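Visitor: After the sequence you'll find the predicted model.
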Amino acid sequence: MACADGWQTAGRRKGARRGPHPPQPTLQQASDCKLDTQKITNAMNELRGETFWMEWRDVLCARLLSRAGACVCYGLGNFASCVSARYQLSMLLLLLETLQIPVSGCCVYDPVFTGPECDALTELGFTLMTHNEEGKRPVCQPTLFYLMHCGKALYNNLLWRNWTPQTLQNIIIIGNSFHGIQERMLQREFERDYSFLSDVISVCEETPLPCSLRFLDVFNDTALIQFPPQNLDKLPEATWIEPSEPLYQHCPDLEIIRREKSS
């Protein structure tokens, strides 16, 4: 990974040969610039030995193996400095390995990624998105969305963008439990501000994914969420008519970073 940002030229020692010298990083600067992907490999190995991962693996193999052909990951966070985000990235790699999805088939984006983090993701084989989609990505094949502890609007936007029974059945989510989101909100605000979540919650198929006490802050309230066509057919036809794009006018704390509007 190449990274020159933040490098400083070390002061010349007394008696050293004069002349131009390429800037050289200090040990700390080099550590900050080039992320050690070995830490991610170590975290993957730790997770492999956890009982809860073995339970995840069994559920995923039973429900998803050979089904999802692509993956999208939003909102991973700064995994260079945040241990929780590093474990979430390591879990994503385990999921891709288990579901036989090439790492290059997984698109990742978070507006907070640093340059060195983008370099590390590229080195690991991920495909980096170039702009903030706000979750509004259309799908045309079964796609796994890895959305660990993401804002409610991201889920709502994803549903809106794919709001037909034929398309929703192609969406698979590993992320926040929809029922957990509902329980933490006033029902009238849930229905008003996150109407797509509210409309689909009664027919989605949600399988809780366990975690150990050690990783409670990292993987708590996580579920596998799917939209079986036979369940979607239970919704009234009027549910699917001309869905309006969410505006979130009553949500000052939206929990997602909005896309910058071009002038």
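Guide: In hand now; what should we look at?
Visitor: contacts, neighbours, all on C-alpha from now
Guide: Fine.
Visitor: so where is the protein shaky, pLDDT-wise?
Guide: Residues of the chain meeting the criterion pLDDT under 70: 1-34, 257, 261-263.
Visitor: Counting by contacts, list what the longest helix along it packs against.
Guide: In the chain, assigned by DSSP state H, the helix with the most residues is helix 83-99. Packed against helix 83-99, as judged by 3 or more CA pairs under 8 Å, 6 or more residues apart in numbering; DSSP states H and E, are the following elements: helix 38-48, helix 51-63, helix 216-219.
Visitor: Let me see the residues that make contact with the next helix or strand after that helix.
Guide: Per DSSP states H and E, the first helix or strand lying C-terminal to helix 83-99 is strand 106-109. With contact meaning CA atoms under 8 Å, 6 or more residues apart in numbering, strand 106-109 is reached by 70-76, 126-132.
Visitor: do the same with stretch 77-93
Guide: Residues outside stretch 77-93 that contact it (CA under 8 Å, 6+ apart) are 35, 40-41, 43-44, 47, 76, 103, 110, 112-114, 117, 146, 148, 217-219.
Visitor: So which bits of it are buried?
Guide: 77-80, 84-93 (16 or more other CA atoms under 10 Å).
Visitor: Off-centre distance for that stretch?
Guide: Centre-to-centre, stretch 77-93 and its host chain are 10 Å apart (CA atoms, centre = their mean, to the nearest Å).
Visitor: between the buried residues of stretch 77-93, which is closest to residue 188?
Guide: Of all those, residue 188 sits closest to residue 77, with 30.4 Å by CA to CA.
Visitor: That closest one and residue 191, how far apart?
Guide: From residue 77 over to residue 191 the distance is 28 Å, taken as CA to CA, to the nearest Å.
Visitor: Make TSV out of the helices and strands packed on helix 83-99 and add distance to residue 163.
Guide: Output for the helices and strands packed on helix 83-99, formatted as TSV (distance: least, CA to CA, whole Å):
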stretch	distance to residue 163
helix 38-48	35
helix 51-63	23
helix 216-219	28
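Visitor: Of those helices, give the one that comes closest to residue 201.
Guide: Once the helices and strands packed on helix 83-99 are compared by CA to CA, helix 51-63 is nearest, at 19.4 Å.
Visitor: Show me what the closest one is packed up against.
Guide: Applying 3+ CA pairs under 8 Å, 6+ apart, one finds that helix 51-63 contacts helix 83-99.
Visitor: between the helix it packs on and helix 51-63, how big is the angle?
Guide: Interaxial angle, helix 83-99 versus helix 51-63 (axes from the mean of the first three to the mean of the last three CA atoms, to 10 degrees): 40 degrees.
Visitor: what is the orientation angle of helix 83-99 with helix 38-48?
Guide: 70 degrees.
Visitor: What ranges does the chain have for its helices?
Guide: 27-33, 38-48, 51-63, 83-99, 115-124, 152-161, 165-168, 178-183, 187-193, 195-200, 216-219, 229-232.
Visitor: most neighbours per residue, which of these?
Guide: Sort those by mean neighbour count, taking mean count of other CA atoms under 10 Å, and helix 152-161 sits at the top with a mean of 21.
Visitor: now for that one, which elements pack on it?
Guide: In terms of contacts (3+ CA pairs under 8 Å, 6+ apart), helix 152-161 is packed against helix 195-200.
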